[in-house]
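K.L.:
just the structure for this:
(2 chains)
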Amino acid sequence: MSTSKQQPLLEVRNLRVEFPTRRGSLIAVDGVSMEIAPGEVLGVVGESGAGKSMTGNAVIGLLPSPGRVESGEILLEGERIDNLPYEQMRKIRGKRIGAIFQDPLTSLNPLYTVGEQLVETIQTHLDLSEKGAKDRAVDLLEEVGIPSARERIDHYPHQFSGGMRQRVVIALALCAEPRLIIADEPTTALDVSIQAQIITLIKKLCREHGTAVMLVTHDMGVIAETADRVAVMYAGRIAEIGPVAEVVKNANHPYTHGLMGSIPKVGHEVERLTQIDGSMPRLTEIPTGCAFNPRCTEKGPRCMVERPILEPVENSFVACWKFDPEGTGA
Amino acid sequence: MTEPLVKAKGIARYFDVSPPLLNRLIEGSKRQVVKAVDGVDFEIERGQTLSLVGESGCGKSTIARLVVGLYEPTGGSIEFEGVDLTALDNRKEEAKLRGRMQMIFQDPYASLNPRWRVQDIVAEPIRHKKMFDTRAEVTSRVGELLSQVGLSPADGEKYPHEFSGGQRQRISIARALASNPEFLVCDEPTSALDVSVQAQILNLMKDLQRKFGLTYLFISHDLAVVDHVSDRIGVMYLGRICELADTRELFSNPRHPYSRFLLDAIPDLDMTGKQRIPVAGEVPSPINPPSGCTFHPRCPFANDRCKSEQPELRDVDGTQVACHGVEENRLEPTG
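P.N.:
Numbering: from 1, shown residues only, chains lettered A, B, ... in the order given. Here you go, the predicted model:
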């Protein structure tokens, strides 16, 4: 899809993630395709249950049991990684793909000092002596903006505040200079002022290291500030994917349009917010045709039976029959 | 000017977080007190919305709980229609006044009893206050309440787990409305919800305010939400209000350095591409707050006076600001 000839760093093709249950399979991610170029920040946005975290988890090979990649391919620098055995995938995680999770307290081990955790990760992936690894750990902590890093390195996670912990987690993700970082709601647990600091830090690090980021979040504001391109997900499918300015300012898909209207904005005097009635369907009852059709105000008969495919609209790709030459059939 | 419906004067709430007695005796550790709320004044006019906004640990939720009586204040008074609730020792009188205020909580999963049917949850305040005599009347009132919040009367038969987060928050609102309150305290009512659902709840709350002339005390950390719902806003930092202003005034002309910096930290959805300089540092521990103005370690305008003397809320052109810099007129104007 990308116009450049450069090989994409990460390519997801027709990914389908299923959770087998006694009452049949739940499809958490359904036919998702996306690419991330080196150094690019791709935002993945959606409401709870949209499948955005599952897409991220599938890429790093950490789908919660019993979830599994049912079909589709995930390629990292042209090489398939979705079917690798556990041990091989473990070597890729941390080395070539870093991960930042939502809650910095649970992603650090409370029984080890921050330094021990950093040194362990560095030595797992890089051939460095204990001393060299520790020096690198201090450098990393300084880089993510932790003051007096040489003393702080011997502290335990509980001695850090939330924002500082998230900085440690970012340092951990950067240990082996991965080409790609999966950041799953990295700022959701933080206060606005700390959130602004972390966003600025992630942006700076990507620029300096040329790291690509898949930024999974529900917060359009964070996406607008950070991402180059954004994929909007709904009920396990991509509704719209395109340059962030286009999606944020003139959303094409009716869902994205409603979503943007429902976000209260500072300084915009509106009496009522645009509201999308209803809520995201449960995975057990995804409607046929377009998954958004029960809540859509522009639906036609075609939307009820035939699932829309991503088609180019301006610079984006949109999955909506409204933009198809044959229309919604209305 | 009419008498405000709710008036808080110098309310404070301290929490004792001392180590146990034995540790104090053996290790010689001292008593420790967290001043969660430390001398806060505000007034809410009838039919208006006052929002309190601030980062975690600033005491905004403690104020919500103080106002509805879930905590006893350490000091100060809370007046409802001119009657001091903290000094009231007549239980009957107090129950009558308390019944006119209700609370909506943040977490719609934890605030509904999972073993009760929705109709019983909503009917609890009605039964408690013995508002109706017959079961049929209660049922029809519950049905009416459920339809007011956009659910169907038949939903009363179901249990909370059968509803989504947004629908549960609607049930909480129906329960809060059951006793015909005039004053609702909403503690982060939408922060557990997705944005499209948040919009539904905010719209519903505004509609209900218009319909029943409700007065809201709205607690939130989200400035955009606060901008949308409130008439007046109090910005809180470490247990105190640092700026209290009309919504439009606060957003167009924030005076306190902390308010400026909070406004600056909102992610920019208009994508103007303006460069932000996030203020360094974090909220200090409330156990051991900085001397003088508690914001001084992070404030670019702080001087010696700010380090030693605590600023009081003062009137500046109709808004109230607690800042020496504003008083001395030495802050740079906002760009």
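K.L.:
report the buried residues of the helix ranked longest in chain A.
P.N.:
Assignment by DSSP state H gives helix A:192-209 as the longest helix of chain A. Within helix A:192-209, the residues scored as buried using 16 or more other C-beta atoms under 10 Å in any protein chain shown are A:192-202, A:205-206. Quick note: C-beta positions are derived from backbone N, CA and C, even for glycine.
K.L.:
that helix and chain B, any residue contact?
P.N.:
Yes. With C-beta under 8 Å from any C-beta of the partner chain as the criterion, chain B is reached by helix A:192-209 at A:192-197, A:199-200.
K.L.:
next: stretch A:284-297.
P.N.:
No. Applying C-beta under 8 Å from any C-beta, one finds stretch A:284-297 out of contact with chain B, separated by at least 8.6 Å.
K.L.:
contacts for that stretch?
P.N.:
A:23, A:26-27, A:234-237, A:239, A:253-255, A:258, A:276-278, A:281, A:299, A:302-308, A:319-321 (C-beta atoms under 8 Å, 6 or more residues apart in numbering or on different chains).
K.L.:
about what we covered before: how far off centre is the helix or strand just after the longest helix of chain A?
P.N.:
Using DSSP states H and E, the helix or strand that follows helix A:192-209 towards the C-terminus is strand A:212-217. Centroid separation between strand A:212-217 and its chain, computed with C-alpha atoms, centre = their mean, to the nearest Å, is 4 Å.
K.L.:
could you say what helices and strands strand A:212-217 packs with?
P.N.:
Secondary-structure packing of strand A:212-217 (3 or more C-beta pairs under 8 Å, 6 or more residues apart in numbering or on different chains; DSSP states H and E): strand A:41-45, helix A:52-60, strand A:180-184, helix A:192-209, helix A:220-226.
K.L.:
dump these to JSON lines, plus distance to A:Ala149 and mean pLDDT.
P.N.:
JSON lines is the format used below for the helices and strands packed on strand A:212-217 (distance: least, C-beta to C-beta, whole Å; pLDDT from 0 to 100):
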{"stretch": "strand A:41-45", "distance to A:Ala149": "26", "mean pLDDT": "95"}
{"stretch": "helix A:52-60", "distance to A:Ala149": "27", "mean pLDDT": "93"}
{"stretch": "strand A:180-184", "distance to A:Ala149": "21", "mean pLDDT": "93"}
{"stretch": "helix A:192-209", "distance to A:Ala149": "14", "mean pLDDT": "86"}
{"stretch": "helix A:220-226", "distance to A:Ala149": "25", "mean pLDDT": "89"}
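K.L.:
nearest to A:Gln102, out of those?
P.N.:
strand A:180-184 (5.9 Å; C-beta to C-beta).
K.L.:
low pLDDT regions in the chain?
P.N.:
I'll assume chain A. A:1-5 (pLDDT under 70).
K.L.:
ah, I was thinking of chain B
P.N.:
Looking at chain B by pLDDT under 70, you get B:1, B:271-279, B:333-335.
K.L.:
can you pull out the strands in it?
P.N.:
B:6-16, B:33-44, B:49-53, B:75-80, B:83-84, B:101-104, B:183-187, B:215-220, B:232-237, B:240-246, B:314-316, B:319-321 (DSSP state E).
K.L.:
equivalent analysis for the stretch 1-150 of chain A, please.
P.N.:
For the stretch 1-150 of chain A, the strands defined by DSSP state E, counting those that start in this stretch cover A:10-21, A:24-36, A:41-45, A:68-76, A:79-80, A:97-100.
K.L.:
which one, of those strands, ends up nearest to chain B?
P.N.:
strand A:41-45 (9.9 Å; C-beta to the nearest C-beta).
K.L.:
can you tell if the closest one touches chain B?
P.N.:
No. Judged by C-beta under 8 Å from any C-beta, strand A:41-45 makes no contact with chain B; its nearest approach is 9.9 Å.
K.L.:
hang on, the earlier thing: in TSV, list the strands of chain B along with mean neighbour count and distance to chain A.
P.N.:
Formatted as TSV, the strands of chain B follow (neighbours: other C-beta atoms under 10 Å in any protein chain shown; distance: least, C-beta to the nearest C-beta, whole Å):
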stretch	mean neighbour count	distance to chain A
strand B:6-16	18	19
strand B:33-44	20	16
strand B:49-53	25	10
strand B:75-80	18	27
strand B:83-84	12	34
strand B:101-104	23	18
strand B:183-187	23	15
strand B:215-220	25	10
strand B:232-237	26	11
strand B:240-246	24	13
strand B:314-316	13	21
strand B:319-321	22	17
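K.L.:
who's in contact with the longest helix belonging to chain B?
P.N.:
Longest helix in chain B, counting residues (DSSP H): helix B:195-212. With contact meaning C-beta under 8 Å, 6+ apart, helix B:195-212 is reached by A:47, A:218, A:220, A:258-259, A:261-264, A:271-277, A:279, B:47, B:49, B:148-150, B:164-166, B:169-170, B:173, B:177, B:186, B:189-190, B:193, B:214, B:216, B:225, B:228-229.
K.L.:
which ChimeraX command selects the buried ones in those residues?
P.N.:
Here is the ChimeraX command that selects the buried residues among these (16+ other C-beta under 10 Å):
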select /A:47,218,220,258,259,261,262,263,264,273,275,276,279 /B:49,148,149,150,164,165,166,169,170,173,177,186,189,190,193,214,216,225,228,229
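K.L.:
pull out the buried members of the contacts of stretch A:284-297.
P.N.:
Using 16+ other C-beta under 10 Å, the buried ones in the contacts of stretch A:284-297 are A:26-27, A:234-237, A:239, A:253-255, A:258, A:276, A:281, A:299, A:302-303, A:306-308, A:319-321.
K.L.:
please narrow these to those residing in helices.
P.N.:
A:254-255, A:258, A:302-303.
K.L.:
quick one: which two of these are the most distant?
P.N.:
Maximum pairwise distance among those (C-beta to C-beta): 19.8 Å, between A:Gly258 and A:Arg302.
K.L.:
coming back round to it: could you name the helices and strands sitting against the longest helix of chain A?
P.N.:
Counting by 3+ C-beta pairs under 8 Å, 6+ apart, helix A:192-209 packs on helix A:162-174, strand A:212-217, helix A:220-226, helix B:257-264.
K.L.:
can I get the CA coordinates of it in PDB?
P.N.:
The C-alpha trace of helix A:192-209 is given here as PDB (Å, rounded to 0.1, in the frame of the first residue of the first chain):
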ATOM      1  CA  VAL A 192      -1.900  14.900  31.800                       C
ATOM      2  CA  SER A 193       1.300  16.700  32.600                       C
ATOM      3  CA  ILE A 194       3.300  13.400  32.800                       C
ATOM      4  CA  GLN A 195       1.600  12.200  29.700                       C
ATOM      5  CA  ALA A 196       2.900  15.300  27.800                       C
ATOM      6  CA  GLN A 197       6.400  14.500  29.100                       C
ATOM      7  CA  ILE A 198       6.200  10.900  28.000                       C
ATOM      8  CA  ILE A 199       4.800  11.800  24.500                       C
ATOM      9  CA  THR A 200       7.600  14.300  24.000                       C
ATOM     10  CA  LEU A 201      10.100  11.600  25.100                       C
ATOM     11  CA  ILE A 202       8.800   8.900  22.800                       C
ATOM     12  CA  LYS A 203       8.900  11.400  19.900                       C
ATOM     13  CA  LYS A 204      12.400  12.400  20.600                       C
ATOM     14  CA  LEU A 205      13.700   8.900  20.900                       C
ATOM     15  CA  CYS A 206      12.100   7.800  17.700                       C
ATOM     16  CA  ARG A 207      13.600  10.700  15.800                       C
ATOM     17  CA  GLU A 208      17.100  10.100  17.300                       C
ATOM     18  CA  HIS A 209      17.200   6.300  17.000                       C
END
